[in-house]
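Engineer: the sequence isn't on hand, but the structure is:
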Ligand SMILES: O=c1ccn([C@@H]2O[C@H](COP(=O)(O)OP(=O)(O)O[C@H]3O[C@H](CO)[C@@H](O)[C@H](O)[C@H]3O)[C@@H](O)[C@H]2O)c(=O)[nH]1
Ligand SMILES: [Mn+2]
C-alpha cells in the first residue's frame with residue numbers, strides 16, 4: 001500500500017533563481033524610476049529653455065518606454081520558476097494505461113526528406129507503450145504519392161523494427177541515429193542472439209533506406225494542391241498475420257482545393273483529430289513535427305504521471321516537452337536551440353503552465369474539443385452545430401465510444417466513407433472547427449492562440465524537461481531559415497496582438513494577471529523593433545551633431561542608466577549559465593535578438609498591419625529540414641552564412657554602417673566632451689562590437705557566405721541617406 005501513496009510527479013521551486021530574479025526586478029525597477037524621473041524633468045526643461053531639440057529627445061523616451069513596458073511584462077516569466085520530476089515506475093500496470101494517438105504533420109517531401117519523416121513515424125510507433133493502445137497518424141499536407149509510398153515502406157520496416165525494440169527493451173528507438181551509433185540504448189545487451197538479430201534488422205534498415213531513396217527522386221514536384229482526401233490504414237498483405245504487436249499506422253491526406261483556405265498546420269491537426277476519432281479515439285494525443293523524432297521512448301509514460309494523478313488530472317490540458325535538437329553545433333549562432341524560450345518556460349510552469357510550443361506535447365481530447373465528453377454533457381443537436389455533420393464523429397465525442405476497425409485493419413465501406421467526409425476541405429464550414437473546437441485558425445501560430453484560449457478557459461498545463469530529451473528535432477541551421485521562421489512566428493503573434501484576443505485585454509478577466517503578462521510579452525515582443533530602431537538611429541545621429549541625450553558621467557543619474565545597462569547584461573549571462581549553456585551563447589543570443597528586432601519584428605509589424613487591413617494573404621514558408629554541407633560547415637565553425645534574403649539583411653547592415661560612421665565621426669566629440677557623450681558613444685560601440693560579424697560579412701570576408709556586395713552597397717546608400725537627412729530630426 002505504501003507505494004500507492006507515493007506521488008507520480010513532484011514540483012520543485014527553483015529558489016535560487018526565484019530570489020535572484022525578484023531581487024533583480026526590484027533593483028532594476030528602482031533604477032528605471034530614477035531614469036524616468038530624470039527624463040521627465042529634463043524634457044520639461046528642454047521644452048522650456050529650447051536648449052536642445054525636442055523631437056530626438058522625445059523619440060528616445062518613446063524607445064525607453066517601449067523597452068520598459070516589455071521588460072515589465074517579461075518579469076512575469078521570472079516570478080516563480082519551477083521544475084518537475086516524474087516517477088513512471090510508479091504507474092499502474094499496462095492494462096490500466098489509457099490509449100494515446102500520435103499526430104505527425106508533414107507537408108513537402110522536397111523540403112522535409114522522407115527518410116527523416118519516416119524515422120519520426122517509426123520512432124513514434126516504437127514508443128514504450130502497449131501497442132494496442134498506440135496509434136500513429138501522419139497527415140501529409142502535400143498529398144504526395146512519394147510520402148504515401150514511403151509510409152508503406154515504413155510500415156514494412158516497422159514490422160521488424162518495433163518487435164526488435166520491444167524484445168530487447170531498447171532505450172533508444174529511432175532507427176537512423178541508432179544504426180549510426182548516435183543514440184546508444186543497447187550497451188548492456190551483449191547476447192549472441194541480440195547481435196544476430198541486430199544484424200538482420202540493420203540489413204532490413206539498409207533495404208528500407210534504399211527503397212526510400214529510390215522513391216524520393218520524384219519528391220520535387222510531387223506536392224499537389226488539388227486532390228481528394230486519402231486515408232490509408234497500413235496493414236499486411238498477408239491476411240492471417242498477427243497484428244497485435246503493432247501499433248496502428250495511418251496515412252492521412254486531407255482534401256485540398258485551390259481557393260479554399262487550408263489553415264496550415266492548424267487545419268491539418270483538426271483533420272487528424274476527426275479522422276483519428278473514427279479509428280482509435282484515444283483520450284490523449286501527442287503532436288509531433290515531422291522532423292521531431294522520439295529520443296527517449298518513455299515520454300508517454302512520463303506524461304501519464306500527470307494524467308493518472310487524480311489530484312491534477314482533471315485540470316491538465318497538456319503536458320509540454322521542450323523542443324530539443326540533435327547534432328547541434330557548439331556554436332549555436334542562430335539561436336536554433338531556442339534556449340530563451342525554454343528558460344522562460346520554467347517560469348510559465350510556475351504560473352499555471354507553459355503555452356503549447358507547436359509540437360512535443362500530450363493533450364487531452366476533451367480540452368481541445370472544448371466539449372465535455374461524458375454522456376450527460378452531450379446534446380446531439382448542439383454537437384452537430386459544433387463538430388459538423390458526421391454521425392460517427394458525433395458518437396465519438398462520448399469518451400466511451402469504441403471505433404469499429406476490423407482486426408485486419410481494413411476500414412469497412414461505411415467507415416471509409418465517413419473518413420472521407422471528415423477529411424474534406426469543406427467539412428469545417430458552418431461548424432465550430434477552427435473557432436471553439438480544435439485548433440484555432442486565424443493565425444499561423446495555431447499553437448499560441450489555442451493555448452491562450454485553453455488557459456483562459458481555466459485549463460492548466462505543465463512543462464516536463466527531463467535530463468534525457470524525449471524529442472529531438474532538426475535545428476534551424478542557416479541565417480535565412482532563422483529569419484524566415486522568426487518573421488513567421490512574430491507575424492502570427494502580432495496577428496494575435498492586434499486581434500480581440502490580445503492578452504493584456506482579453507486575459508486579465510479570464511486568467512491570472514501574471515499569465516496575461518506572459519502572453520502579452522509573447523505577442524508584443526515585436527515592439528522591440530520600435531525600441532531597437534529608436535536607439536540604433538537617434539543617439540548616433542545626435543552624437544554626430546553634438547547633441548547629448550544622456551546625463552553627464554558626473555551626474556549621479558548616470559549611475560542609474562549604467563546600472564540598468566550592466567545589470568541587464570549580467571542577468572542575461574546568469575540565465576544562460578544557469579541553464580547550462582556556455583558563455584558565448586549569451587553573445588549569440590544577443591546578436592539574434594538584434595537581428596530579430598532589426599528585421600523579423602520590423603517586417604512582422606508591417607505584415608500584421610497589412611493583414612489587419614486585409615491587404616495580405618498569410619502564408620507558411622516551411623522550415624528547411626534538408627541538409628546543406630556548406631552551410632553546415634560554416635555553422636560548426638561558428639561562421640555566419642549571409643546567403644539570406646536581401647530584404648532582411650539590408651536594414652541590419654544599414655543600421656550597422658550608420659552606427660559605425662557616427663561612432664567614427666563622434667569619436668572626436670568623445671575625446672573633447674567625453675563627460676557628456678560617453679553613454680551615447682558606448683551605445684553605438686556596444687552595437688558595433690556585438691555585431692562584429694556584420695562588419696566581417698560586409699567588408700572583410702571574400703567567401704560566398706559573406707554579405708553580397710549588392711546588399712552592402714544598398715546598405716551604404718541607405719545609411720548615408722539616413723545620416724544625411726538626420727539634421728531634419730534636429731529642427732525642432
Ligand atoms: O501548411 C502546413 C505547414 C506546416 N505543416 C507542418 O507543420 C510542422 C511545422 O512546420 P515547420 O516548417 O517545421 O515550422 P517551424 O517554424 O519549425 O515550426 C514551429 O512553429 C510552428 C508554428 O509556426 C509550430 O506549429 C511547430 O510545431 C514549431 O516547431 C511541420 O511538420 C510541417 O510539415 C503542415 O502540416 N502544414
Ligand atoms: Mn520545424
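Structural biologist: Received the coordinates, thanks. A quick note: this is a predicted structure, and the numbers were derived from the prediction, not measured. Ligands and ions are numbered 1, 2, ... in the order given.

Engineer: what helices or strands is the host helix or strand of residue 672 leaning on?
Structural biologist: Using DSSP states H and E, the element containing residue 672 is helix 646-690. Using 3 or more Cβ pairs under 8 Å, 6 or more residues apart in numbering; DSSP states H and E, the elements in contact with helix 646-690 are helix 479-497, helix 528-544, helix 557-578, helix 583-595, helix 601-612, helix 692-695, helix 709-724. (C-beta placed from N, C-alpha, C; glycine too.)

Engineer: next up, phi/psi of the residue nearest to residue 488 when sequence neighbours are not counted, please.
Structural biologist: Sequence neighbours aside, residue 444 is the residue nearest to residue 488 in space, at 5.8 Å (criterion: Cβ to Cβ, 6 or more residues apart in numbering). In terms of degrees, to the nearest 10, the main-chain angles of residue 444 are phi -80, psi -10.

Engineer: do I have it right that residue 444 meets residue 487?
Structural biologist: No - the pair residue 444 / residue 487 is not scored as a contact, 10.4 Å apart, by Cβ atoms under 8 Å.

Engineer: just give the number of residues close to residue 209.
Structural biologist: Residue 209 has 18 neighbours, counted by other Cβ atoms under 10 Å.

Engineer: point out the residues in the stretch 351-500 of the chain that sit beside ligand 1.
Structural biologist: Residues of the stretch 351-500 of the chain lying close to ligand 1 (Cβ under 6 Å from any ligand atom) are 358-359, 444-445, 447, 485, 488-489.

Engineer: re the thing from before, which of the helices and strands packed on helix 646-690 sits closest to ligand 2?
Structural biologist: Comparing the helices and strands packed on helix 646-690 against ligand 2 with Cβ to the ion, the closest turns out to be helix 479-497 (7.6 Å).

Engineer: related to what we said a few turns ago, what is the orientation angle of the helix holding residue 672 with helix 528-544?
Structural biologist: 60 degrees (axes from the mean of the first three to the mean of the last three Cα atoms, to 10 degrees).

Engineer: and this protein, which residues reach ligand 1?
Structural biologist: Checking the chain against ligand 1 by Cβ under 6 Å from any ligand atom, the hits are 105-107, 112, 141, 264-265, 268, 289-290, 358-359, 444-445, 447, 485, 488-489, 620, 622-623.

Engineer: buried ones among the residues you listed?
Structural biologist: Buried members of these, counted by 16 or more other Cβ atoms under 10 Å: 105-107, 112, 141, 264-265, 268, 289-290, 358-359, 444-445, 447, 485, 488-489, 622-623.

Engineer: still on that earlier bit, just want the angle from the helix holding residue 672 to helix 709-724.
Structural biologist: Computed by the same axes, to 10 degrees, the angle between helix 646-690 and helix 709-724 is 70 degrees.

Engineer: pull the distance from helix 646-690 to the chain's centre.
Structural biologist: Offset of helix 646-690 from its chain centre (Cα atoms, centre = their mean, to the nearest Å): 33 Å.

Engineer: and for stretch 685-705?
Structural biologist: 28 Å.

Engineer: how far does it stretch from start to finish?
Structural biologist: Start to finish, the residues bounding stretch 685-705 are 25 Å apart (Cα to Cα, to the nearest Å).

Engineer: where exactly do the helices run in the stretch 1-150 of the chain?
Structural biologist: With DSSP state H, counting those that start in this stretch, the ranges of helices along the stretch 1-150 of the chain come out as 2-5, 15-49, 54-75, 114-125, 145-167.

Engineer: the third one packs against which elements?
Structural biologist: In this case it means helix 54-75. Using 3+ Cβ pairs under 8 Å, 6+ apart, the elements in contact with helix 54-75 are helix 15-49, helix 513-524, helix 528-544.

Engineer: for that helix, buried residues please.
Structural biologist: 56-61, 63-64, 66-68, 70-75.

Engineer: tell me how far residue 28 lies from ligand 1.
Structural biologist: 31 Å (Cβ to the nearest ligand atom, to the nearest Å).

Engineer: re earlier: okay, the residues of the stretch 351-500 of the chain next to ligand 1 in a markdown table with pLDDT and distance to residue 427 next?
Structural biologist: Formatted as a markdown table, these follow (pLDDT from 0 to 100; distance: Cβ to Cβ, whole Å):
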| residue | pLDDT | distance to residue 427 |
| --- | --- | --- |
| 358 | 95 | 23 |
| 359 | 97 | 24 |
| 444 | 91 | 21 |
| 445 | 94 | 23 |
| 447 | 95 | 22 |
| 485 | 95 | 30 |
| 488 | 95 | 26 |
| 489 | 96 | 28 |
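
Engineer: in JSON lines: these, plus distance to residue 417.
Structural biologist: Listed next are those as JSON lines, based on distance: Cβ to Cβ, whole Å:
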{"residue": "358", "distance to residue 417": "33"}
{"residue": "359", "distance to residue 417": "31"}
{"residue": "444", "distance to residue 417": "33"}
{"residue": "445", "distance to residue 417": "34"}
{"residue": "447", "distance to residue 417": "32"}
{"residue": "485", "distance to residue 417": "39"}
{"residue": "488", "distance to residue 417": "37"}
{"residue": "489", "distance to residue 417": "39"}
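
Engineer: can you flag which of the buried ones among the residues of the chain next to ligand 1 belong to strands?
Structural biologist: 105-106, 289 (DSSP state E).

Engineer: from the residues of the chain next to ligand 1, which are also near ligand 2?
Structural biologist: Counting by Cβ under 5 Å from the ion, 289, 623 from the residues of the chain next to ligand 1 sit close to ligand 2.

Engineer: which parts of the stretch 301-450 of the chain are strands?
Structural biologist: 316-320, 324-325, 361-364 (DSSP state E, counting those that start in this stretch).

Engineer: who's in contact with residue 704?
Structural biologist: By Cβ atoms under 8 Å, 6 or more residues apart in numbering, residue 704 lies in contact with residue 643.

Engineer: verify the stated contact: residue 470 with residue 362.
Structural biologist: No - if you go by Cβ under 8 Å, residue 470 and residue 362 don't touch, sitting 10.2 Å apart.

Engineer: mind listing the shared neighbours of those two?
Structural biologist: In contact with both residue 470 and residue 362: residue 299, using Cβ under 8 Å, 6+ apart.

Engineer: ok and the residue in the protein nearest ligand 2?
Structural biologist: Ligand 2 sits closest to residue 623 of the chain, with a gap of 4.4 Å, by Cβ to the ion.

Engineer: please tell me I have it right and that residue contacts residue 478.
Structural biologist: No - judged on Cβ under 8 Å, residue 623 makes no contact with residue 478 at a distance of 9.8 Å.

Engineer: looking at the chain, which helix or strand is least sure?
Structural biologist: helix 2-5 (a mean of 54; mean pLDDT, DSSP states H and E).

Engineer: in stretch 210-218, what's buried?
Structural biologist: For stretch 210-218, using 16+ other Cβ under 10 Å, the buried residues are 211-212, 215-216.

Engineer: what do you get for stretch 626-635?
Structural biologist: 631, 634-635.

Engineer: tell me which of these fall in helices.
Structural biologist: Residues of the buried residues of stretch 626-635 located in helices (DSSP state H): 631, 634-635.

Engineer: mind putting those into a markdown table with pLDDT?
Structural biologist: Converted to a markdown table, those look like this (pLDDT from 0 to 100):
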| residue | pLDDT |
| --- | --- |
| 631 | 86 |
| 634 | 92 |
| 635 | 91 |
